[in-house]
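Peer 1: 3D, please:
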Amino acid sequence: MGGHMRRFPVEAGLWTAGLVLMAFMNPSAEGETWCLFARLGIEWCPGCGLGHAIAFMARGEWAASFAAHPFGAVVVAGLFVRIVRLLREAYGRRRPVFSTFSRR
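Peer 2: Sure, this is the predicted structure:
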């Protein structure tokens, strides 16, 4: 257990947890927000609606997801790529640079 858990990329875990939490939130609930800007009283936020977009996307409601935030799918795809890269760096098999020329 120790060897694998020690190498686990914390960033990948945080991104995954964030996506899962947003996917399970109720996107139709009014007044509930995790937005720091909204909690501080700032009305405009570039990410406003991303959580709702992810929640709608997790439910297969693509039109509602796009209406909540047009870049929701792009953000999820980007985070998925980042998580996969972090996991590959941590657990991927290392190959020599010139593996095609090396003898086995």
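Peer 1: only C-alpha atoms for contact and neighbour calcs from this point on.
Peer 2: Fine.
Peer 1: What separation is there between the closest residue to Thr33 other than its chain neighbours and Leu50?
Peer 2: Of all residues not flanking Thr33 in the chain, Arg39 sits nearest, at 7.9 Å (CA to CA, 6 or more residues apart in numbering). Going from Arg39 to Leu50 by CA to CA, to the nearest Å gives 16 Å.
Peer 1: okay, those two: which has more neighbours?
Peer 2: Leu50 (22 against 10; other CA atoms under 10 Å).
Peer 1: For the residue nearest to Thr33, give me the pLDDT.
Peer 2: At Arg39, the model reports a pLDDT of 80.
Peer 1: spatially speaking, which residue is in the middle of the protein?
Peer 2: Leu79 (3.9 Å; CA atoms, centre = their mean).
Peer 1: Hmm, that one is touching Trp15, no?
Peer 2: Yes - between Leu79 and Trp15 there is a contact under CA atoms under 8 Å: 7.0 Å.
Peer 1: quick one: the helices in the protein?
Peer 2: 2-7, 10-24, 36-39, 50-58, 62-68, 72-91 (DSSP state H).
Peer 1: just the ones you listed: most buried one?
Peer 2: Among these, the stretch with the highest mean neighbour count (mean count of other CA atoms under 10 Å) is helix 50-58, at a mean of 25.
Peer 1: which residues sit against that one?
Peer 2: By CA atoms under 8 Å, 6 or more residues apart in numbering, the residues outside helix 50-58 that reach it are 19, 22-28, 62, 64-69, 71-73, 76.
Peer 1: now do stretch 30-39
Peer 2: Residues from elsewhere that reach stretch 30-39, judged by CA under 8 Å, 6+ apart: Glu43, Trp44, Cys45, Cys48.
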